[in-house]
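[1] the sequence isn't on hand, but the structure is:
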C-alpha cells in the first residue's frame, strides 16, 4: 500500500489485463514489422535482387501453410498448395504494390490456390452437398412448423437422391452422405476419381433442379 492508501499489485507491475494487452500489442507490432520486411524484400526482388527474392519466398511458406489450413486444406495437400502459390507469386510478382501489405497480397493468392486444391480433391462438391442437406434438414428453428417441414424436406431429399441415375446416386452416397475422400470412394466403387467427380457434379445439379427448381 502506498502513502496515499492505494494498493500496488505485483510489485508495481501493471494489472494482468494490461500485461496481456501489452503482449498483444507487441505481437501485432512484430507481425507488422515482419510484413514490412517481406514487402521490402519483394520490392528489392522486383528490382532484380535475386537474394531478396529467395528470402521472401522462403519467409512466405509458413504464412501460405497457415492460410491453407484456415481454408480446410488437408495436411497431405499443404505442400501442393505452397508450391502452386509460390509458382503464382513468380508469375505475378510484378503486380505487387510495395506500398501495400505484402502479407495481404500473399494471403489472397494463397487463398485462391487453397480453394483450387479443395476443388481438385472433390471437397467443394461435397461441401455443396452438405449445404443442400443442411438446407433441407434444418429450416428456421423459430418456425412453429419446423419439425414437420424438416421431415417433409428430408423425405423429398431422399426421394430425389433415389431417383438419380445409379452412378450419380453412388457418388452422392459415397462422397456426400458417407463423407469419403475421392480415393476412398474410388476404392469402394471401382470408379476412377474423375468419373466420381463428374457424377457428383451432375447429381448436385439434378438435386438443385428437383428441390429448388434451378436449371
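    Arrived safely, thanks for sending. Please read these numbers as outputs of a predicted model, since none were measured by experiment.
[2] how about the helices in the chain?
    16-46, 50-70, 78-92, 102-120, 123-137, 146-162, 166-171, 182-189, 193-212 (DSSP state H).
[3] worst mean pLDDT among those?
    The minimum mean pLDDT among the helices of the chain belongs to helix 123-137 (a mean of 51).
[4] do you know how far residue 173 is from residue 198?
    Distance, residue 173 to residue 198, using Cβ to Cβ, to the nearest Å: 16 Å. Backbone N, C-alpha and C define where each C-beta goes, glycine included.
[5] ugh, wrong one, I meant residue 48
    Here residue 48 is placed at a distance of 46 Å from residue 198 (Cβ to Cβ).
[6] give me the more crowded residue out of the two.
    Between residue 48 and residue 198, counting by other Cβ atoms under 10 Å, residue 198 is the more crowded of the two (16 against 8).
[7] domain-wise, how is the protein divided?
    Here the domain assignment for the chain is 15-120, 123-212, based on automatic domain parsing.
[8] what sits against residue 40?
    52, 98 (Cβ atoms under 8 Å, 6 or more residues apart in numbering).
[9] er, residue 202 I mean
    By Cβ under 8 Å, 6+ apart, residue 202 lies in contact with residue 168.
[10] 10 Å - rerun?
    Applying Cβ atoms under 10 Å, 6 or more residues apart in numbering, we find residue 202 in contact with 164, 165, 167, 168, 171.
[11] gap between the residue nearest to residue 65 when sequence neighbours are not counted and residue 67?
    Using Cβ to Cβ, 6 or more residues apart in numbering and skipping residues adjacent in sequence, the residue nearest residue 65 is residue 78, 5.4 Å away. Plainly put, residue 78 is 10 Å away from residue 67 if you go by Cβ to Cβ.
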